[in-house]
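Need coordinates for the following:
(2 chains)
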Number of protein chains: 2
Amino acid sequence: MIEVKKLEQIDVPGGDVLKVANLHELDKFGEVYFSEIRGGFIKAWKKHSQMTLRLVVPVGMVRFVFFDEGAKRKLHDVSIGRENYSLITVPPGIWFGFRGIGFDLNLVMNIADIMHDPNEIERLDLDDIEFNWGDL
Amino acid sequence: MIEVKKLEQIDVPGGDVLKVANLHELDKFGEVYFSEIRGGFIKAWKKHSQMTLRLVVPVGMVRFVFFDEGAKRKLHDVSIGRENYSLITVPPGIWFGFRGIGFDLNLVMNIADIMHDPNEIERLDLDDIEFNWGDL
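Numbering: from 1, shown residues only, chains lettered A, B, ... in the order given. Have a look, this model is predicted:
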């Protein structure tokens, strides 16, 4: 299921080094891309039928919420970023949404196991899944 | 040699999507990591004998300077970031250094073609290569 793994941060003068993953830790490499998410904004909901997501937040803090395939049962609710620096692995068939928690810019990286394919993505509107994101 | 390729940015409400690369564009995947570089700071010099670097700057702006294997001849001097959003491919055997140009945080991602191996890295002090970084 959804897996959250702590990652290593190395203190370096002038700017830290943030480790992510090597080829032994990722079974398959398909595509890398970034999604910015401004503080307070929500991007939700999306489900991939084929793609496994590997999510990292190197800047700011982002809250991820996951629902089961039927969009009824909440599976996980976790915030990651420069505090709680972690990798979330999300298998296919899971609804997810995320919100920028850091005041200004928050940055999500996804190391997907397959290449982008619009045909394997389903979307729901924010209100289509009953979830209270609460106040920031 | 050193190759600089423009990348696609997609406007999205709440935060843009920044494309990087898929498996057809990267011959080999070894390891992904981030290096922060604070505004005005310089990290220099380093040379990899085996690793090809694929460098992207999704936050801020970073100036990269490249010298030949003998550390005598400047090969390239380029700033990339959210403006001039690009991927720099650096083959092995090239000295490189970089400086944070954006005021606060600048973030470099490297998609290396091999895993981290301290034995294939050489280092020189900042003053060991004659180069005037100038004012910010």
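
all contacts plus neighbour counts: C-alpha atoms, from now on.
Will do.

Residues of chain A that sit close to chain B?
Counting by CA under 8 Å from any CA of the partner chain, chain A comes close to chain B at A:14-23, A:29-38, A:41-43, A:58, A:115.

who touches the spatially closest residue to residue A:111 that is not a sequence neighbour in this structure?
Using CA to CA, 6 or more residues apart in numbering or on different chains and skipping residues adjacent in sequence, the residue nearest residue A:111 is residue A:32, 4.6 Å away. By CA atoms under 8 Å, 6 or more residues apart in numbering or on different chains, the contact set of residue A:32 is A:109-112, B:19-22.

Check what pLDDT residue A:32 gets.
At residue A:32, the model reports a pLDDT of 97.

Could you pull up phi and psi at residue A:119?
Main-chain torsions, residue A:119, degrees, to the nearest 10: phi -70, psi -10.

Pull the contacting residues for residue A:44.
Residue A:44 makes contact with A:96-98, A:123-126, according to CA under 8 Å, 6+ apart.

Can you add neighbour count and give those residues back as a markdown table?
Output for the contacts of residue A:44, formatted as a markdown table (neighbours: other CA atoms under 10 Å in any protein chain shown):
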| residue | neighbour count |
| --- | --- |
| A:96 | 25 |
| A:97 | 18 |
| A:98 | 23 |
| A:123 | 13 |
| A:124 | 15 |
| A:125 | 10 |
| A:126 | 14 |
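
Pairing partners for the spatially most central residue of chain A in the sheet, please.
Centroid-nearest residue in chain A: residue A:55, 4.1 Å away (criterion: CA atoms, centre = their mean). Beta-bridge partners for residue A:55, by DSSP bridges, are residue A:88, residue A:110.

Identify the residues contacting it.
The contact partners of residue A:55, by CA under 8 Å, 6+ apart, come to A:87-89, A:108-111.

let's see it at 10 Å
When contacts are counted by CA atoms under 10 Å, 6 or more residues apart in numbering or on different chains, residue A:55 touches A:4, A:20, A:34, A:64, A:80, A:86-90, A:108-112.

can you check residue A:75 too?
The contact partners of residue A:75, by CA under 10 Å, 6+ apart, come to A:1-2, A:65-68, A:94-96.

Report the distance from stretch A:82-91 to the chain centre.
Stretch A:82-91 has its C-alpha centroid displaced from the chain centroid by 7 Å (CA atoms, centre = their mean, to the nearest Å).

shaky segments in chain A?
Within chain A, no range satisfies pLDDT under 70.

Let me see the ranges of the strands in it.
A:3-6, A:9-10, A:17-22, A:31-38, A:42-48, A:53-59, A:61-67, A:74-81, A:86-90, A:95-100, A:105-112, A:121-123 (DSSP state E).

Many thanks, have a good one.
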